[in-house]
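Asks: build the 3D model from these lines:
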Amino acid sequence: MENQNNVTEFVFIGLWGNKKMELLFVFLFLLCYLTVLLGNFIISLTITCSHLMQQPMYYFLCHLSLMDVSYTSTVVPRLIRDLAAARKNISYNNCMTQLFTAHLLAGVEIFILVSMAFDCYVAIVKPLHYMVLMNRQRCNMLIVLAWVVSFWHSIALLLTVLKLPFCGPNQIDHYVCDVKPLLKLVCKDIHVVSILVIANSGMVAVAIFLVLVASYIIILYNLRRHSSAGQKKALSTCSSHITVVVLFFVPCIYIYVLPAGSENKDKEISVFYTVIAPMLNPLIYTLRNMEMKITMRKVWSKVTHSDLN
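Replies: All right, here's what the predicted structure looks like:
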């Protein structure tokens with residue numbers, strides 16, 4: 001039987017049904033979004049205007065900041081608009097575009113986190129081979145690979161959803177077009193599709209998370225061979241990575257491993273990786289990183305000095 005799609009637009013139910021609470025959160029999410037923009041702009045400016053850009057860790061961090069801003073911008077501006085609007089509608093085409101873009105950018109962010117873990121692993125476990133293994137060509141290759149893998153992941157999800165028939169309800173119990181809330185609106189059995197989605201997103205997220213955890217265990221084990229100063233610096237860097245990884249992966253795993261029909265707190269928990277994690281990342285990577293703080297002061301001093309002149 002040919003799939004029929006009678007839906008031309010979707011309507012978001014949103015985070016809360018209480019209008020007064022939604023208006024209060026317009027201001028809160030706007031503040032969060034401005035914090036994301038400002039924090040990641042400062043990190044990007046500090047790295048690109050200093051010697052830090054030559055170091056693989058900061059090179060990846062600069063790309064991570066760019067992804068944080070891009071990913072948050074696909075979700076939060078519409079969320080803010082919808083919180084203030086009487087009707088939270090989105091066209092079918094715009095919904096599919098948001099689905100594809102959000103998964104593409106989130107995928108790139110995940111693989112940049114993997115690249116940063118790999119950089120940390122090589123620096124601690126194979127320090128003598130670090131300059132060879134983590135040259136700029138290798139770093140660029142890892143960034144390109146992140147985009148390629150994420151693109152195919154997003155295309156696979158998009159094609160899966162485009163083939164599904166939406167012929168009745170069009171209210172999405174969420175604040176963003178994502179595959180799981182959309183599956184609840186499909187007018188056919190979604191058992192097989194749910195398994196494919198869990199395999200594509202949930203199991204992949206679990207596998208990557210376990211690889212990252214294993215790499216950090218090996219890193220911490222190999223730290224015994226380093227001096228106390230080296231251990232302190234490495235622990236500071238690794239703890240920042242681990243915090244960011246946990247903030248991003250744990251909510252993702254919770255959401256995408258459970259089947260679409262299950263009653264859970266998907267939309268509330270997704271706030272962690274769409275808003276909170278991108279907002280906290282700049283703080284996590286700067287507060288415990290002395291080199292970053294010193295460089296920020298130097299860049300700020302250089303900028304203000306040139307303005308005065």
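Asks: now the strand or helix carrying residue 218: mean pLDDT?
Replies: In this structure, residue 218 is located in helix 204-222 according to DSSP states H and E. The average pLDDT for helix 204-222 rounds to 86.
Asks: which residues of the stretch 151-300 of the chain score low on pLDDT?
Replies: For the stretch 151-300 of the chain, the stretches with pLDDT under 70 are 226-227, 229-230, 259-264, 288.
Asks: secondary structure class for residue 301?
Replies: helix (DSSP: H, G, I helix; E, B strand; the rest coil).
Asks: so what's the residue count around it?
Replies: The local packing of residue 301 (other Cβ atoms under 10 Å) involves 10 other residues. Backbone N, C-alpha and C define where each C-beta goes, glycine included.
Asks: do residue 188 as well
Replies: Using other Cβ under 10 Å, residue 188 has 12 neighbouring residues.
Asks: number of residues surrounding the nearest residue to it once chain neighbours are set aside?
Replies: Spatial nearest neighbour of residue 188, excluding adjacent residues (Cβ to Cβ, 6 or more residues apart in numbering): residue 165 at 5.9 Å. Using other Cβ under 10 Å, the number of residues around residue 165 comes to 16.
Asks: element containing residue 165?
Replies: For residue 165, there is no host helix or strand (DSSP H and E).
Asks: just to check, it is in contact with residue 190?
Replies: No. With contacts counted by Cβ atoms under 8 Å, residue 165 stays clear of residue 190, the gap being 10.6 Å.
Asks: what about residue 72, distance to residue 271?
Replies: Going from residue 72 to residue 271 by Cβ to Cβ, to the nearest Å gives 11 Å.
Asks: kindly apply the preceding question to residue 51 instead.
Replies: Per Cβ to Cβ, residue 51 is found 37 Å from residue 271.
Asks: SS state for residue 97?
Replies: Three-state assignment for residue 97 (three-state DSSP): helix.
Asks: and it, how many neighbours does it have?
Replies: When neighbours are defined as other Cβ under 10 Å, residue 97 has 15 of them.
Asks: how about the helix holding residue 218: buried residues?
Replies: Buried residues in helix 204-222, counted by 16 or more other Cβ atoms under 10 Å: 204, 205, 206, 208, 209, 212, 215, 216, 219.
Asks: same check, this time on stretch 42-50
Replies: Neighbour-count burial for stretch 42-50 flags 42, 43, 44, 45, 46, 47, 50 (criterion: 16+ other Cβ under 10 Å).
Asks: ok, those vs residue 247, which is closest?
Replies: For the buried residues of stretch 42-50, the closest approach to residue 247 (Cβ to Cβ) belongs to residue 43, at 16.2 Å.
Asks: you'd agree the closest one is up against residue 65?
Replies: Yes. Applying Cβ under 8 Å as the test, residue 43 and residue 65 come out as touching, 4.6 Å apart.
Asks: find residues that contact each of these two.
Replies: The overlap between the contact sets of residue 43 and residue 65 (Cβ atoms under 8 Å, 6 or more residues apart in numbering) consists of residue 282.
Asks: what ranges does the protein have for its helices?
Replies: Under the criterion DSSP state H, the chain contains helices at 19-48, 56-84, 92-125, 130-133, 136-162, 179-183, 191-197, 204-222, 228-257, 266-269, 271, 277-287, 290-308.
Asks: could you dump the ones you listed to TSV with distance to residue 9?
Replies: Shown next, in TSV, are these (distance: least, Cβ to Cβ, whole Å):
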stretch	distance to residue 9
helix 19-48	20
helix 56-84	13
helix 92-125	6
helix 130-133	50
helix 136-162	15
helix 179-183	13
helix 191-197	22
helix 204-222	30
helix 228-257	24
helix 266-269	19
helix 271	24
helix 277-287	28
helix 290-308	45
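Asks: correct me if wrong: residue 269 contacts residue 254.
Replies: Yes. If you go by Cβ under 8 Å, residue 269 and residue 254 touch, sitting 5.9 Å apart.
Asks: tell me the buried residues in stretch 161-169?
Replies: By 16+ other Cβ under 10 Å, the buried positions in stretch 161-169 come out as 161, 164, 165, 166.
Asks: from residue 48, how far out is the third one?
Replies: Summarising the geometry, the distance separating residue 165 from residue 48, computed by Cβ to Cβ, is 47 Å.
Asks: neighbours around residue 72, how many?
Replies: The burial count for residue 72: 23, using other Cβ under 10 Å.
Asks: give me the pLDDT for it.
Replies: On pLDDT, residue 72 comes in at 94.
Asks: that one: what's it in contact with?
Replies: 33, 36, 274, 275, 278.
Asks: top of those by number of neighbours, please.
Replies: That'd be residue 278 among the contacts of residue 72, by other Cβ under 10 Å, with 31 neighbours.
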